[in-house]
Structure formats: C-alpha cells, structure tokens
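*Asks:* I'd like to go over a predicted model; first the sequence, then the structure.
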Amino acid sequence: MRLPRLRFTIRSAMTLVACAGISVWLLVTAERVRREPNAATVCHLGRYRDNGEPFAYGHGSSPQVFWSRFWRRVLGRPWPGSFVCPCKSEFERTFAKGRKVDYLATSNDMNEMHDLMGPLMIEFQSSKKRRKTGRIN
C-alpha cells in the first residue's frame with residue numbers, strides 16, 4: 001500500500017509563511033507588552049460620587065490588564081484609552097466601603113495621578129468651604 005504523496009505548492013508555502021509571520025508578530029508584541037517599563041502597576045484617579053472627593057489608587061497589574069494592553073498594542077489603539085479596570089467593583093466593596101466611584105484617569109505612573117489630583121483637591125476644598133458658609137461662588 002502506497003502512502004499518499006504530500007503536495008507542497010506555492011500557495012501552501014505562502015500560507016505557511018503568512019501564518020508564521022503573524023505568529024511571530026503576536027509573540028513579539030506580547031513580549032514587548034510584558035517587558036514594558038512601569039507596566040507592573042496600574043494607577044487610577046477618581047472621585048467619590050456622593051461628595052466629589054478625589055482619590056488616587058494604585059494596584060498591581062493583572063491578567064486582564066495584560067490582555068487589554070496586548071490587544072490595544074496589536075490593534076494600534078492608545079493605552080489606556082477607554083479601558084475600564086476590573087478592580088473598580090473590588091475597590092468600591094473594600095476600600096470605599098460601598099461608596100460608588102467614578103474613575104477620571106488611568107495611567108502606569110502614580111506621580112502623574114498625584115499631579116492631576118492637585119487641582120481636583122483644591123477645587124474640592126474650595127467647594128467644601130462654600131458649602132459650609134452657604135456662598136454660591
């Protein structure tokens with residue numbers, strides 16, 4: 001009994017090269033995302049919904065964060081863009097003790113979040129004083 005002969009055509013060679021190229025491109029992108037500096041942490045700037053008090057919160061990177069960063073890099077989208085971190089519900093449950101929060105910004109640099117928080121804190125303090133004194137402006 002003779003075995004069927006495997007045919008190696010130009011079409012199959014082109015398909016094989018294309019598949020190998022896409023695989024290498026995805027692997028290189030994953031490695032670049034994994035080795036990116038400051039990718040070990042994710043920082044958020046947010047406000048409590050009930051009184052508007054700002055806060056900065058940081059946590060370690062998770063698999064969800066890695067895959068969202070990976071697909072954004074593959075598709076050419078900016079990071080963080082419209083990314084919504086899965087830690088929001090956990091943060092509301094544990095740290096905020098049930099208070100609802102709105103994330104205003106997300107970054108890998110906590111210093112950037114603290115710089116953005118300065119004007120928000122000044123605005124919050126002045127609005128708090130206005131509420132105490134009853135002034136509108």
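*Replies:* The structure has been received and is ready for your questions.
*Asks:* Setting aside sequence neighbours, what's the nearest residue to residue 106?
*Replies:* residue 80 (4.2 Å; CB to CB, 6 or more residues apart in numbering). For glycine as for every other residue, the C-beta is placed from the backbone atoms N, C-alpha and C.
*Asks:* list the helices and strands the helix or strand of the chain with the lowest mean pLDDT packs on?
*Replies:* Every helix and strand in the chain was compared by mean pLDDT, DSSP states H and E; the lowest is helix 87-94, with a mean of 79. When contacts are defined as 3 or more CB pairs under 8 Å, 6 or more residues apart in numbering; DSSP states H and E, helix 87-94 packs onto strand 101-107.
*Asks:* continuing past the strand it packs on, what's the next helix or strand?
*Replies:* As assigned by DSSP states H and E, the chain's next helix or strand after strand 101-107 is helix 110-133.
*Asks:* what angle separates that next one from strand 101-107?
*Replies:* 150 degrees (axes from the mean of the first three to the mean of the last three CA atoms, to 10 degrees).
*Asks:* Show residues contacting helix 110-133.
*Replies:* Helix 110-133 is contacted by residues 41, 43-45, 47, 52-56, 58, 104-105, 107, 136-137 when judged by CB atoms under 8 Å, 6 or more residues apart in numbering.
*Asks:* Fine by me, we can end here.
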